[in-house]
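J.: Fold the stuff below for me.
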Amino acid sequence: MDLQSFCEGIRLIPDARQVLFDFHMDEEVYQLHKQQFYNDRFSFFETVRQSPNHRQLFLYLYVRFAVDAYEEYVIRGIDDQIYFDTFSDIELWCSNCRRDFGEYGIQEYEWLQEHIQLRLFRLGRLQFQPCVFDRELEVEGDIIYKNQIVLNVHIPSGEPLESQQVEESFESARRFFRGITPVFICNSWMLCPHLSEVLQPSSNIMKFQKKFFIYQVDHEARQAEERIFSKVSSDPSEYEEQSSLQRNAKSYLMAGNKLGTGYGIMVSKICI
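T.: Have a look, this model is predicted:
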């Protein structure tokens with residue numbers, strides 16, 4: 001795997017590619033950054049943040065780390081499509097960085113380090129991340145134990161949440177993580193129960209929500225506003241209304257209501 005092939009594989013936009021190709025770093029310096037990343041990622045984050053062009057530096061280093069990670073994908077026998085799909089998050093967050101900060105780079109460095117360390121994989125429409133469940137919970141007769149390994153589900157933005165694609169992702173996860181009991185958890189604004197007052201039952205988001213048993217809601221979280229409007233404002237009247245979701249959510253918030261984050265769990269046999 002080389003830099004050019006990687007950029008093509010994740011469909012990194014040309015202007016962002018140029019940032020990479022214009023970036024020059026001695027190999028010895030790169031290896032020191034890489035060693036620090038794997039040995040002490042928090043120290044690595046702090047070191048890079050001190051750079052005047054830290055977002056571009058994060059982009060350069062993460063792309064190179066991802067290229068280096070390809071060898072481990074090959075050793076594990078993981079398909080190239082999964083490799084490129086997983087690291088396509090770099091393109092997504094690079095574009096978001098341009099939108100939010102006016103430059104191509106990476107601001108979500110803490111999130112993307114999970115991909116680099118092969119702790120998260122995109123399988124079709126959804127991303128999955130093995131993690132330890134933090135409590136004991138009964139779900140329709142099934143006991144999920146504290147410290148049990150479960151699969152955390154993440155929903156990348158940018159594409160419709162079509163039901164068939166969602167089902168195919170869950171099926172892929174059952175095969176890919178065949179050594180893990182297929183219990184899925186998801187912490188997302190899309191699992192906020194109050195969305196039923198904003199969206200139609202036939203919407204893709206509501207269909208996705210219904211797959212999960214929602215065991216907790218953080219009513220103070222503002223992730224829904226961040227994802228729906230690309231920002232969080234103290235005055236909901238400032239939000240845009242370019243889609244029906246934005247219009248309905250804005251009206252709901254202006255009426256004094258809140259859209260929190262739902263915590264859901266799904267045992268595989270429930271959704272088959």
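
J.: Direction included, what does the strand or helix carrying Q127 pair up with?
T.: Secondary structure assignment for Q127, by DSSP states H and E: strand 126-132. Each strand that pairs with strand 126-132, with its direction, by DSSP bridges: strand 121-123 (antiparallel), strand 149-154 (antiparallel).

J.: ranking these by burial, who's on top?
T.: Counting by mean count of other C-beta atoms under 10 Å, strand 121-123 has the highest mean neighbour count of those, with a mean of 22. Quick note: C-beta positions are derived from backbone N, CA and C, even for glycine.

J.: And the average pLDDT for that one is what?
T.: Confidence for strand 121-123, expressed as mean pLDDT, is 98.

J.: Not counting sequence-adjacent ones, nearest residue to C192?
T.: Leaving aside its sequence neighbours, C192 sits nearest to G262 (C-beta to C-beta, 6 or more residues apart in numbering; 4.7 Å).

J.: any chance you could map the helices in the protein?
T.: For the chain, the helices defined by DSSP state H occupy 3-9, 14-22, 27-39, 41-49, 54-76, 80-101, 109-116, 163-176, 204-209, 223-229, 244-254, 268-271.

J.: closest one to P236 among the ones you listed?
T.: Nearest to P236 among those is helix 244-254; the distance by C-beta to C-beta comes to 3.9 Å.

J.: before we move on, back to that, as a markdown table, the helices of the chain with mean neighbour count would be great.
T.: Conversion of the helices of the chain to a markdown table gives the following (neighbours: other C-beta atoms under 10 Å):
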| stretch | mean neighbour count |
| --- | --- |
| helix 3-9 | 16 |
| helix 14-22 | 14 |
| helix 27-39 | 13 |
| helix 41-49 | 15 |
| helix 54-76 | 19 |
| helix 80-101 | 18 |
| helix 109-116 | 19 |
| helix 163-176 | 16 |
| helix 204-209 | 18 |
| helix 223-229 | 19 |
| helix 244-254 | 17 |
| helix 268-271 | 14 |
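
J.: So for Q127, which of the ones you listed sits nearest?
T.: Between Q127 and the helices of the chain, the shortest gap by C-beta to C-beta is with helix 80-101, which sits at 7.5 Å.

J.: who touches the closest one?
T.: Under the criterion C-beta atoms under 8 Å, 6 or more residues apart in numbering, residues 6, 9-13, 16, 55, 59, 62-63, 66, 70, 73, 103-108, 111-112, 115, 120-124, 127, 156-158, 176, 230 lie in contact with helix 80-101.
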